[in-house]
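Colleague: Sequence first, then the predicted structure:
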Amino acid sequence: MTKLETQAIHAGHQVDPTTGAITPPIHLSTTFERQPDGAYPHGYYYARSDNPNRHALEASLAELEGGVEAAAFASGSGAVMTILQALAPGDHVIAPDDLYFGIRLLLQDVFTPWGLAVNFVDTTNLAAVKQALQTNTRLVLIETPSNPLLKITDIRGLAGLAHEVGACLVCDNTIATPVLQRPLDLGADLVIHATTKYLGGHSDVLGGLVVAKANNELWQKIKHIRQIGGAVPSPFECWLALRGIQTLPYRVRAQADTARQVAQFLQTHPAVEAVHYPGLPSHPGHPVAAGQMEKFGGLFSFQVKGGQAEAMAVAARVKIFIRATSFGGTHSLIEHRASIEAPGTTTPENLLRASIGLENVDDLIEDLDQALD
Ligand SMILES: *Cc1c(COP(=O)(O)O)cnc(C)c1O
């Protein structure tokens, strides 16, 4: 078995057999020729069902996450939606109290009226999860590190609890990436990614992926719903995501190293009330994170002393960081999170989230230093 950096370059890649091209062509054809005997010898017949660029991306991520198969989607949200559609009305779902806000809305606004029973639970607390489990719990969704508070959930612990009642553990690994954390090895059944973030890596792809540990009934249902429901990505977006993955290990480790230094700097700054980064020994999830992550990622959040106005003023003064949503790209981004999430958010008003890009660490620290003064 080759190692991660080699897999990132070679899994899903092959030299194009017809031209010798090293970089794969983008296959835009929506339909594929059928043989006189009715067969499709290359395995493709219609682009909603499968496409060579999508197939390559899926092969790559299945290998990186150590799963049996992966399925690509039009967005990270589309991936989660399809998993939820594979459940039945009356099923119970446990979701984290701190998670990507769009997924919370999907659970509340679409799937609760549709008939799922949903509980938002502090998944960092095993006793709380144990208490929330029901005989009809089909799915336990976790996000670790979580967004935007970077809370850490014990993947092994949650897998044990979920499996006791026959529920499936789904881990959103978007923030950690398979470079830093491999949830399937720790007991998760499915891994979710927004390729939009680190996998694409350059803020130019919208996409999602689900990786399965086993080819079971739930996985077949997810793939069936994707095929007939059509939440699939375009060939170009799959091509961009696969291109991004080639440099993933080097980008993510550099971003994690920089984030740790910037977080350490902020922790000592008098204008900062709190820093949420699992790489800091003061973070309550640090010991669990150290046991399940290689490094602690390129994303963190911090609370400025004061309220929304003080936090917005800091974001208004940055010169290298860009004020924008999302994360995982080459540019460092900063965002006042509460005002972008919908009303009713539990995110503190004085919180800024920072996504560390690939700039020089000293420049980033200097930028935040002048913005905080
Ligand atoms: C961005 C994100 C999603 C949703 O992905 P989209 O591609 O924007 O739909 C899901 N989970 C996490 C953790 C995310 O950061």
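Modeller: Yes, it's here. Numbering: from 1, shown residues only.
Colleague: Can you spell out the domain ranges of this protein, please?
Modeller: Residue ranges for each domain of the chain read 4-245, 248-372, as given by automatic domain parsing.
Colleague: And the residue of the chain that's closest to the ligand?
Modeller: Per C-beta to the nearest ligand atom, the residue of the chain with the smallest distance to the ligand is residue 76, at 2.4 Å. Heads up, the C-betas are built off the backbone N, CA and C, glycines and all.
Colleague: what sits against that residue?
Modeller: Taking C-beta atoms under 8 Å, 6 or more residues apart in numbering as the contact definition, residue 76 lies against 100, 174, 192, 193, 194, 195, 196, 197, 207, 208.
Colleague: From those residues, which land in strands?
Modeller: When these are checked against strands (DSSP state E), the matches are 192, 193, 194, 208.
Colleague: ok so, going back, and the pLDDT at the residue of the chain closest to the ligand?
Modeller: Residue 76 carries a pLDDT value of 98.
Colleague: If you tally nearby residues, what's the number for the closest residue to it other than its chain neighbours?
Modeller: Closest residue in space to residue 76, ignoring its immediate chain neighbours: residue 194 at 2.8 Å, by C-beta to C-beta, 6 or more residues apart in numbering. By other C-beta atoms under 10 Å, 30 other residues sit near residue 194.
Colleague: what's near enough to touch residue 194?
Modeller: Taking C-beta under 8 Å, 6+ apart as the criterion, residue 194 is in contact with 75, 76, 77, 79, 100, 174, 207, 208.
Colleague: Report the separation between residue 362 and residue 104.
Modeller: Taking C-beta to C-beta, to the nearest Å as the measure, residue 362 and residue 104 are separated by 37 Å.
Colleague: ok, now residue 85?
Modeller: Residue 85 is 17 Å from residue 104, by C-beta to C-beta.
Colleague: So the two - more neighbours on which side?
Modeller: More neighbours surround residue 104 than the other of residue 85 and residue 104, with 21 against 17 (other C-beta under 10 Å).
Colleague: Make sure I have this right: the more buried one is in a helix.
Modeller: Yes. Assigned with DSSP: H, G, I helix; E, B strand; the rest coil, residue 104 falls within a helix.
Colleague: Nearest the geometric middle of the chain, what residue?
Modeller: The chain has residue 174 as the residue nearest its centroid, 1.6 Å off, counting by C-alpha atoms, centre = their mean.
Colleague: Nearest residue to residue 32 in space, ignoring adjacent ones along the chain?
Modeller: Spatial nearest neighbour of residue 32, excluding adjacent residues (C-beta to C-beta, 6+ apart): residue 44 at 4.3 Å.
Colleague: That neighbour: neighbouring residues, count only.
Modeller: Residue crowding around residue 44 was assessed by other C-beta under 10 Å; the count is 18.
Colleague: residue contacts, it?
Modeller: Neighbouring residues of residue 44 by C-beta under 8 Å, 6+ apart: 32, 50, 51, 52.
Colleague: Turn these into a markdown table, including secondary structure, distance to residue 227 and pLDDT.
Modeller: What follows is the contacts of residue 44, written out as a markdown table (DSSP: H, G, I helix; E, B strand; the rest coil; distance: C-beta to C-beta, whole Å; pLDDT from 0 to 100):
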| residue | secondary structure | distance to residue 227 | pLDDT |
| --- | --- | --- | --- |
| 32 | coil | 15 | 97 |
| 50 | coil | 9 | 96 |
| 51 | coil | 12 | 96 |
| 52 | helix | 16 | 97 |
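Colleague: In this structure residue 226 contacts residue 81, no?
Modeller: No. When contacts are counted by C-beta atoms under 8 Å, residue 226 is not listed as touching residue 81 (10.0 Å).
Colleague: Between these two, point out the one with more neighbours.
Modeller: A count of neighbours by other C-beta under 10 Å puts residue 226 above the other of residue 226 and residue 81, at 25 against 22.
Colleague: does the more buried one sit in a helix, a strand or a coil?
Modeller: Residue 226 - assigned by three-state DSSP - is helix.
Colleague: Quick check: it vs residue 75, distance?
Modeller: Relative to residue 75, residue 226 is positioned 12 Å away (criterion: C-beta to C-beta).
Colleague: Count the residues that sit near residue 227.
Modeller: Using other C-beta under 10 Å: residue 227 sits among 15 other residues.
Colleague: I'd like to know how many residues surround the residue nearest to it when sequence neighbours are not counted.
Modeller: With sequence-adjacent residues excluded and distances taken as C-beta to C-beta, 6+ apart, residue 227 is closest to residue 49, at 5.4 Å. By the measure other C-beta under 10 Å, the count of residues near residue 49 is 16.
Colleague: three-state assignment of residue 49?
Modeller: The three-state label given to residue 49 by three-state DSSP is coil.
Colleague: List phi and psi for it.
Modeller: The phi and psi torsions at residue 49 (degrees, to the nearest 10) take the values phi -80, psi -40.
Colleague: Settle this for me: it is touching residue 228, isn't it.
Modeller: No. Under the criterion of C-beta under 8 Å, residue 49 makes no contact with residue 228, lying 9.6 Å away.
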